[in-house]
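K.L.:
Sequence and predicted model, in that order:
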Amino acid sequence: MNTKIVKIDMNNIDESVICEAGNIIREGGLVAFPTETVYGLGANALDEEAAAKVYAAKGRPSDNPLIAHICDRKMLASLVRDIPENAEKLMNAFWPGPLTLIFRKSDNVPRGTTGGLDTVAVRYPDHPIADRLIKAAGVSIAAPSANLSGKPSPTLGEHVVDDMSGRIDMIIDGGMVGMGLESTIIDVTTDPPLVLRPGFITYEMAKGVVGQLEIDQAILTKPEEGFQPKAPGMKYRHYAPTADYSIYKGEAVKVAEHIAFLANEKADAGMKVGIITADQHLKLYKGRLNEKIEVVSLGDLDKPETIAGKLFKALRDFDKCNTQFIFGEAFSEDNVGWAIMNRLTKAAGYNIMDV
Ligand code: TXA
Ligand code: MG
C-alpha cells in the first residue's frame, strides 16, 4: 500500500488535508494523526472491518480493545449506555485532555472495536489536529497508539513513518507531541472507579475529583501467568526496545557507580551499550566510562514532564543504534512519575533491581 505522508502545522492547519483524511476514515481507511499524548492510528470506530485493518496494521492481538476518540459530548452519548456520576465529574474536570474513561457500550459500537468486550474506552483529545480530524470524519475515531504492537508509542511523525509506512493510507505528521505518554485510563463502570493505566492525569488529581479511587492490580505488580488485567493491553509486552534493558534503584551515587561498572564491563567486551540517566546525574558518570557508551539524559528530575516527553524517543533511538544493553536509573514514582516508571518497568520486562 502506498502511504501518503503529509506534514501539518498544528497552529496553521491545512483544511484540505484534514478533509481528505476525514474522507479516508469515513470510507473505512486508516489515518495516523497526532494527539496531545502520542500519535494514534485512526479508523472509523463504528466500522468493524476498519477496526480489523487497525489490528492487522499494528500486528496487534484482536482481544486488545481500541479507544474511541470523540470531539464533543453528543458523540459520547451515541457510544455509551449510561454516564455514571463519577464519569460526569471526571469529564468536567479533565476533558478535553489525556484521560480515557471506560463506559458500558451502546449497541452502536461493534465488538470488533472493543475486543469483544461489553465496555468501550472513550477519549476526548485536546489537540487541534485530532479535533479537526474527528469533526471532518463525522464519526468517532478508534485509535490505538500508532506503533507496531510491542514497540514504544510514537511521539514524532517519523516514528509513525518508521512503523506504519506501507501499512496504512495516510500519516499526518504534526511534529512532536506535547506529553509523550499515553492517556490515563479509568474504568467508571465500577464504584469506586478503577485506574487501569497511569498517565498525566495523576491518581491524586482524579481522586481529588471523585473522592474514592482504586487501582487495578495489574499496574502494581508483574502479572502472573494467566492473570487477566481489566485493560487487556496491560498483559502484553510493551514499549520494549530490542536491547536487554535493566533498571537500578537506590541512592543516586551508588546507582551511578553500579551502572558504570556494569556498562563498562559490557562495552569493554565489545558490546553496544547505553545508559539512561537525568540531567542532575550526568556528572556522576563523567570520566569513568568507556567512551563508546552512549549516555542519554531524559531531562530534569525537577520537571518530570520533560522526562515523560523524551522516554519513548530514547528507547527508539537506542534501537536505531542497535544498542544491545541499556542500563537505566529508576525515577521518582510521585505524581506523573508513577506513569513514567510504569512504562519504563514494562519496557525493561520488570527487570528492576535495588542497589
Ligand atoms: O493516549 C492514548 O490513550 C493514545 C492516543 C492515541 O489516544 N492511545 C492509546 O491506545 O494509548 P492503545 O490502544 O495503545 O492503548 C489502549 C489501552 C489498552 O491497554 C487497552 O487494553 C485498553 O486501553 N482498553 C481499551 N478499551 C478498553 C476497555 N473497554 N476496557 C478496558 N481496557 C480497555
Ligand atoms: Mg499502545
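P.N.:
Right, received. Where do you want to start? Numbering: from 1, shown residues only. Ligands and ions are numbered 1, 2, ... in the order given.

K.L.:
which parts of stretch 285-293 are buried?
P.N.:
285, 289, 293 (16 or more other Cβ atoms under 10 Å). Heads up, the C-betas are built off the backbone N, CA and C, glycines and all.

K.L.:
same question, stretch 131-143
P.N.:
Buried residues in stretch 131-143 (16+ other Cβ under 10 Å): 131-134, 136-137, 139-143.

K.L.:
which stretches of the stretch 101-250 of the chain form strands?
P.N.:
Here the stretch 101-250 of the chain has its strands, by DSSP state E, counting those that start in this stretch, at 119-123, 141-142, 170-173, 184-187, 194-197, 214-215, 244-249.

K.L.:
What residue in this structure comes nearest to ligand 1?
P.N.:
residue 233 (2.2 Å; Cβ to the nearest ligand atom).

K.L.:
Run a quick neighbour tally on that residue.
P.N.:
When neighbours are counted by other Cβ atoms under 10 Å, residue 233 registers 24.

K.L.:
just the one 5 residues further on next, same as before
P.N.:
A count of nearby residues for residue 238, using other Cβ under 10 Å, gives 20.

K.L.:
What backbone torsions are found at the closest residue to it other than its chain neighbours?
P.N.:
Spatial nearest neighbour of residue 238, excluding adjacent residues (Cβ to Cβ, 6 or more residues apart in numbering): residue 346 at 4.5 Å. Per-residue torsions, residue 346: phi -70, psi -40 (degrees, to the nearest 10).

K.L.:
what's the burial count for residue 346?
P.N.:
Other residues near residue 346 come to 17 when the count uses other Cβ under 10 Å.

K.L.:
Would you tell me which residues of the stretch 101-250 of the chain are close to ligand 1?
P.N.:
Contact residues (Cβ under 6 Å from any ligand atom) of the stretch 101-250 of the chain with ligand 1: 102, 114, 117, 119-121, 123, 143-145, 182-183, 185, 196, 230-234.

K.L.:
Next, work out how far apart residue 331 and residue 250 are.
P.N.:
Separation of residue 331 from residue 250 (Cβ to Cβ, to the nearest Å): 12 Å.

K.L.:
quick one: which of these two has more around it?
P.N.:
The residue with more neighbours, out of residue 331 and residue 250, is residue 331; 24 against 14, by other Cβ under 10 Å.
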